[in-house]
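Trainee: Sequence below, structure please.
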Amino acid sequence: MATRRAQRRPARRAPRRRSVRSRRQRHRDRQMLLLAAGILAAAAAWAVISWLATHWWVLIILGAIATVGGAWWAHHYRQQRAWDRVRQQALRYGLPQLDSLHHRDFEYAVRDLMRRDGCTDARQIGGAGDNGADVLATDPHGRTWVIQCKHRREGDRGSAVGTPDLQRVNGTARQLYGADIVLVVTNGRFSTRCAPLAAQLHMHLADRRTLAAWAGGGRPLWELLSKIPAPRTSR
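Mentor: Next up is the predicted model:
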């Protein structure tokens, strides 16, 4: 019995020795490859530096190209921004156009209208986890706007926006976003209970008629709403 066990042991240990040796060999091979790559990279860098040292005029040409390219890009960027401002200032939406939008596109349209009116930081944040806010913006007077957008495919013939929608955004707008103005805007209509609740909560409502005047005209939204808080700053 002892003889049989002794005969079996070398057969079990031999693969382990080969496995250890193979791992060490692979490790040494990787080290050699990394060393060779480092030497080649250093040689290539030295060759480039040496070549540029004798052909210094190439650096002058490359610098000039970079300067001209940077100046062209900066000019193109400023021109693009100027055209964007022109387009934003001329932005208009009709109610049929707004009615045909997807509810997410309606949020982007509200964002663009706020940008048109000078809220350069206006952004759309609606989606999962938005806490009732769809658009955030700061107007030129320093006031923070938190806007919830309620789109109705059928316009004022669709279901009315109800008080739960107001309560949802009111519960987070000031605490999470520091809102000065909390607004619910719709291309439809509000239920009869919304206006009294909005007054109690110091919120603002923009129904289909107000939206039409805002989107189709040139006046900013704060000129169309009543009891807007006083400006914080002047730009």
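Trainee: Okay, now the unreliable bits of this protein?
Mentor: 1-21, 72, 75-89, 128-130, 233-235 (pLDDT under 70).
Trainee: Domains in it, by residue range?
Mentor: What the record gives for the chain is the domain set 2-86, 93-223, from automatic domain parsing.
Trainee: Can you add mean neighbour count and distance to Pro229 and give those domains back as JSON lines?
Mentor: Where C-beta positions appear, they are placed from N, C-alpha and C, glycine not excepted. Putting these into JSON lines (neighbours: other Cβ atoms under 10 Å; distance: least, Cβ to Cβ, whole Å) gives the following:
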{"stretch": "domain 2-86", "mean neighbour count": "10", "distance to Pro229": "27"}
{"stretch": "domain 93-223", "mean neighbour count": "18", "distance to Pro229": "5"}
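Trainee: Minimum distance to Ala230: which of those has it?
Mentor: domain 93-223 (8.3 Å; Cβ to Cβ).
Trainee: Now the terminal residues of the closest one, how far apart.
Mentor: For domain 93-223, the separation between the terminal residues is 18 Å (Cα to Cα, to the nearest Å).
Trainee: How far does it sit from its chain's centre?
Mentor: 19 Å (Cα atoms, centre = their mean, to the nearest Å).
Trainee: Would you quantify the distance from Ala198 to Val182?
Mentor: Distance of Ala198 to Val182, given as Cβ to Cβ, to the nearest Å: 9 Å.
Trainee: any residues in contact with both of those two?
Mentor: His204 (Cβ atoms under 8 Å, 6 or more residues apart in numbering).
Trainee: picking that back up, nearest to Pro231, of the domains of the chain?
Mentor: Of all these, domain 93-223 comes closest under Cβ to Cβ, at 3.2 Å.
Trainee: Show me where the protein has its helices.
Mentor: Here the chain has its helices, by DSSP state H, at 2-54, 57-89, 95-99, 103-116, 163-177, 194-201, 208-216.
Trainee: Can you pull out the residues in contact with the last one?
Mentor: It stands for helix 208-216. Outside helix 208-216, the residues that touch it by Cβ under 8 Å, 6+ apart are 92-95, 98, 109, 113, 155-156, 185-189, 206, 219-221, 224-225.
Trainee: picking up where we left off before, turn the domains of the chain into CSV, columns for distance to Pro231.
Mentor: Below are these laid out as CSV (distance: least, Cβ to Cβ, whole Å):
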stretch, distance to Pro231
domain 2-86, 22
domain 93-223, 3
